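1. with the sequence up front, the predicted model follows.
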Amino acid sequence: MVYTVTFNPSLDYIVAVDDFKLGKTNRTVSESMLPGGKGLNVSIVLSDFGIDNTAVFFSAGFVGKEIKGIIEHYGIKTNIIDIPEGNSRINFKLSSIDGTEINGMGPNIPDDKLEELYEIVDGFVDGDTVILAGSIPKTLPDTIYSDILQRVAGKDIKVIVDATGELLTNVLKYKPFLIKPNNFELQDLFGVELKTRESVIPYAIELQKMGAVNVLVSLAEDGAVLLAENGKIYSAPAPQGEVINAVGAGDSMVAAFIAASMEKPGDYEYAFKMGLAAGSASAFSVNLATKEEVVKIYKTI
């Protein structure tokens with residue numbers, strides 16, 4: 001089974017406003033409401049690729065119930081830890097001004113609910129694939145990612161990690177199958193400025209030396225770089241197209257890479273190109289990419 005674990009899921013309210021004016025009443029010209037949180041985005045794209053998967057996440061209040069309903073509408077299995085107080089996040093994203101968003105905090109996670117998560121993790125078995133992705137609520141320990149990898153360390157489980165800062169570096173000693181930082185996250189980790197695909201390669205190599213099996217670095221419109229476990233480096237610019245909504249593009253890249261790796265194990269060129277195509281397909285769409293859209297763009301790479 002493939003599991004995605006989302007520590008801080010959200011309901012993303014995405015709107016566009018013509019001629020936005022600060023301090024004035026603005027009216028939307030388009031709007032959509034989608035489930036959010038990196039792991040849930042990965043689950044949705046995996047499902048469209050025909051990959052059976054289970055979404056594990058915390059759920060609080062009426063927002064959590066709405067997220068659950070939408071995810072299950074996609075036909076995705078869920079294993080939900082219900083939080084008795086507060087609400088899951090609502091994230092407000094202004095798509096007409098690229099990168100402008102206000103993200104909610106998420107609910108407090110009591111210790112007994114964290115133990116429920118650990119019980120789910122302890123049930124993972126040999127052959128499973130686990131994707132840990134996204135931010136964590138402030139009440140969870142900052143070792144949560146590495147704690148989970150420690151619990152599954154003795155099993156034959158592929159772990160994919162999409163996180164930032166110490167959440168990422170703390171797991172490297174457990175040799176995750178794939179990590180997917182972007183160039184800005186690499187800049188923060190190593191205190192450097194990285195603007196080109198070539199410039200990220202030495203730092204991908206360093207992360208591999210630290211334990212990551214495969215390192216996939218996304219650079220938005222500049223494309224992506226993969227340092228594969230066989231030592232080969234794959235690099236390509238992003239396909240051409242109009243960026244409509246970049247939310248979830250990186251998550252789509254992770255999902256398609258995983259799906260391609262399951263379809264053709266060890267064919268990292270194929271997985272890399274499918275991941276790059278998926279990231280672009282999502283960026284060129286209001287919603288997350290479908291397999292049909294991904295395959296269409298894949299043929300142009």
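-> Structure's in. What do you need? Residues are numbered from 1 along each chain as shown.

2. low-confidence bits of the stretch 51-200 of the chain, can you list those?
-> Within the stretch 51-200 of the chain, the segments meeting pLDDT under 70 span 99.

3. residue ranges of the helices in it, please?
-> 61-73, 111-122, 144-152, 165-169, 183-190, 197-209 (DSSP state H, counting those that start in this stretch).

4. tell me the most buried of these?
-> helix 144-152 (a mean of 20; mean count of other CB atoms under 10 Å). Using the backbone N, CA and C atoms, a C-beta is placed for each residue, glycine as well.

5. tabulate the helices of the stretch 51-200 of the chain (TSV), appending distance to Val159.
-> Output for these, formatted as TSV (distance: least, CB to CB, whole Å):
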stretch	distance to Val159
helix 61-73	22
helix 111-122	11
helix 144-152	6
helix 165-169	12
helix 183-190	18
helix 197-209	15
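
6. domain map for the protein?
-> Annotated domains of the chain cover 1-19+29-172, 177-301 [automatic domain parsing].

7. between the helices of the stretch 51-200 of the chain, which one is closest to Ile80.
-> helix 61-73 (6.1 Å; CB to CB).

8. quick one: list the elements packing against that closest one.
-> strand 10-17, strand 28-36, helix 38-48, strand 53-60, strand 77-83 (3 or more CB pairs under 8 Å, 6 or more residues apart in numbering; DSSP states H and E).

9. now distance to Ala255 and mean neighbour count too, for the ones you listed, in TSV please.
-> Formatted as TSV, the helices and strands packed on helix 61-73 follow (distance: least, CB to CB, whole Å; neighbours: other CB atoms under 10 Å):
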stretch	distance to Ala255	mean neighbour count
strand 10-17	17	20
strand 28-36	14	17
helix 38-48	4	27
strand 53-60	9	24
strand 77-83	16	17
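
10. as JSON lines, the ones you listed with distance to Ile160 would be great.
-> Shown next, in JSON lines, are the helices and strands packed on helix 61-73 (distance: least, CB to CB, whole Å):
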{"stretch": "strand 10-17", "distance to Ile160": "20"}
{"stretch": "strand 28-36", "distance to Ile160": "18"}
{"stretch": "helix 38-48", "distance to Ile160": "8"}
{"stretch": "strand 53-60", "distance to Ile160": "12"}
{"stretch": "strand 77-83", "distance to Ile160": "18"}
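
11. so Glu229, which state does it fall into?
-> Counting by DSSP: H, G, I helix; E, B strand; the rest coil, the backbone at Glu229 sits in coil.

12. not counting sequence-adjacent ones, nearest residue to it?
-> Val213 (4.7 Å; CB to CB, 6 or more residues apart in numbering).

13. between the helices of the stretch 51-200 of the chain, which one is nearest to Ser218?
-> Comparing the helices of the stretch 51-200 of the chain by CB to CB, helix 183-190 comes nearest, at 7.4 Å.

14. what's the angle from that closest one to helix 197-209?
-> 50 degrees (axes from the mean of the first three to the mean of the last three CA atoms, to 10 degrees).

15. what's helix 183-190 packed up against?
-> helix 165-169, helix 197-209, strand 214-218.

16. of all the helices and strands packed on helix 61-73, which lies closest to Lys291?
-> helix 38-48 (5.2 Å).

17. circling back: so which of the helices and strands packed on helix 61-73 comes closest to Leu276?
-> helix 38-48 (13.7 Å).

18. still on that earlier bit, burial count for the residue nearest to Glu229?
-> Counted with other CB atoms under 10 Å, the neighbours of Val213 add up to 16.

19. that one and Leu194, how far apart?
-> The gap separating Val213 from Leu194 is 22 Å, by CB to CB, to the nearest Å.

20. tell me which of the helices and strands packed on helix 183-190 sits nearest to Ala246.
-> Of the helices and strands packed on helix 183-190, nearest to Ala246 by CB to CB is strand 214-218, at 10.5 Å.

21. please state the offset of the closest one from the chain centre?
-> Here strand 214-218 is found 13 Å from its chain centre; the criterion is CA atoms, centre = their mean, to the nearest Å.

22. what's that strand packed up against?
-> Partner elements for strand 214-218 (3+ CB pairs under 8 Å, 6+ apart): strand 178-179, helix 183-190, helix 197-209, strand 224-227, helix 249-263, helix 268-283.

23. put the alpha carbons of it into PDB.
-> Output of strand 214-218 as PDB, limited to C-alpha atoms (Å, rounded to 0.1, in the frame of the first residue of the first chain):
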ATOM      1  CA  ASN A 214      17.400  10.100  -4.800                       C
ATOM      2  CA  VAL A 215      17.400  13.900  -4.700                       C
ATOM      3  CA  LEU A 216      14.900  15.700  -6.900                       C
ATOM      4  CA  VAL A 217      15.200  19.500  -7.000                       C
ATOM      5  CA  SER A 218      12.500  21.700  -8.400                       C
END
